[in-house]
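Colleague: What shape does this take:
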Amino acid sequence: MMSKPTAQFPSPGSTSSSLLEAVRAWDGEAWSRLVDLYGPVVYRRGLLAHFDDQTAKDVVQEVFTAVARSIGGFERQSQKGSFRAWLRTITDNKIRDVIRRRVSEPQGTGGTVAQTLLVEMSRPTTGDTSGFSDDDEKTLLIRQALARIKGEFKDHNWQAFWRMAVDGQTSEEVATELGLKAAAVRQAKVRILRRLKHELGELFD
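Modeller: Next comes the predicted model:
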């Protein structure tokens, strides 16, 4: 589990317009990046709706199918809210669709089970700070982005970044431990934070 960052990480509050434009153009790398970053967020919300692993994965597929169909509409209305908020709305709707289908099934959803599903359907899944807060979502996005970019950097540079940005050590402390110059440690941190910012998107809250 990733420890709480002590440095100012880029906020994933907004997704870069360039990424969304590439997604709209059906760029394969852009789609891969989008799904890698946001798929785990959607999956997590499915689990919080008490779905099993396969159902949560099905929700992920349904959500990104809906994104593919509707991304143009989001671009036209981009001033009305962030991509994360838009995706959260789609996710909530797909979760409710699953619950409605289960409630309408003739078998296996009677009595208490049906009532429980109805309650879950009526309860909003966004803003559920007890289960998956906005900060939790941002942390998960940062973790996904870090996992994507880690292989682009040499191990000693990554260690320098991690010890400063996450562990809260000074550049002098890290330099002594890794046998580097303090300036090189600071440069590694800046380079990786810049790359992380690009991965998460250029527009911020």
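Colleague: from here on, contacts and neighbour counts on C-alpha atoms
Modeller: Noted.
Colleague: Contacts for the lengthiest helix in the chain next, please.
Modeller: Secondary structure of the chain per DSSP state H: the longest helix is helix 53-76. With contact meaning CA atoms under 8 Å, 6 or more residues apart in numbering, helix 53-76 is reached by 20, 24, 35, 39, 42-47, 83, 86-87, 90-91, 94-95.
Colleague: to the chain's geometric centre, what's the distance from that helix?
Modeller: Mean C-alpha position of helix 53-76 versus that of the full chain (CA atoms, centre = their mean, to the nearest Å) differs by 14 Å.
Colleague: What helix or strand is the residue nearest in space to the middle of the chain located in?
Modeller: Nearest to the centroid of the C-alpha atoms of the chain, with distances taken as CA atoms, centre = their mean, sits Leu141, at 3.3 Å. Element membership of Leu141 [criterion: DSSP states H and E] is helix 134-149.
Colleague: which of the residues in that helix are buried?
Modeller: 137-142, 144-146 (16 or more other CA atoms under 10 Å).
Colleague: Same list, the residues you listed, but as JSON lines with distance to Gly72 and pLDDT please.
Modeller: JSON lines is the format used below for those (distance: CA to CA, whole Å; pLDDT from 0 to 100):
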{"residue": "Glu137", "distance to Gly72": "24", "pLDDT": "88"}
{"residue": "Lys138", "distance to Gly72": "24", "pLDDT": "87"}
{"residue": "Thr139", "distance to Gly72": "27", "pLDDT": "89"}
{"residue": "Leu140", "distance to Gly72": "26", "pLDDT": "91"}
{"residue": "Leu141", "distance to Gly72": "23", "pLDDT": "90"}
{"residue": "Ile142", "distance to Gly72": "26", "pLDDT": "91"}
{"residue": "Gln144", "distance to Gly72": "25", "pLDDT": "92"}
{"residue": "Ala145", "distance to Gly72": "24", "pLDDT": "91"}
{"residue": "Leu146", "distance to Gly72": "28", "pLDDT": "94"}
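Colleague: and Thr170, what does it touch?
Modeller: By CA under 8 Å, 6+ apart, Thr170 lies in contact with Met164.
Colleague: Show the subsequent helix or strand relative to the helix holding Leu141.
Modeller: For helix 134-149, the following helix or strand on the C-terminal side (DSSP H and E) is helix 155-165.
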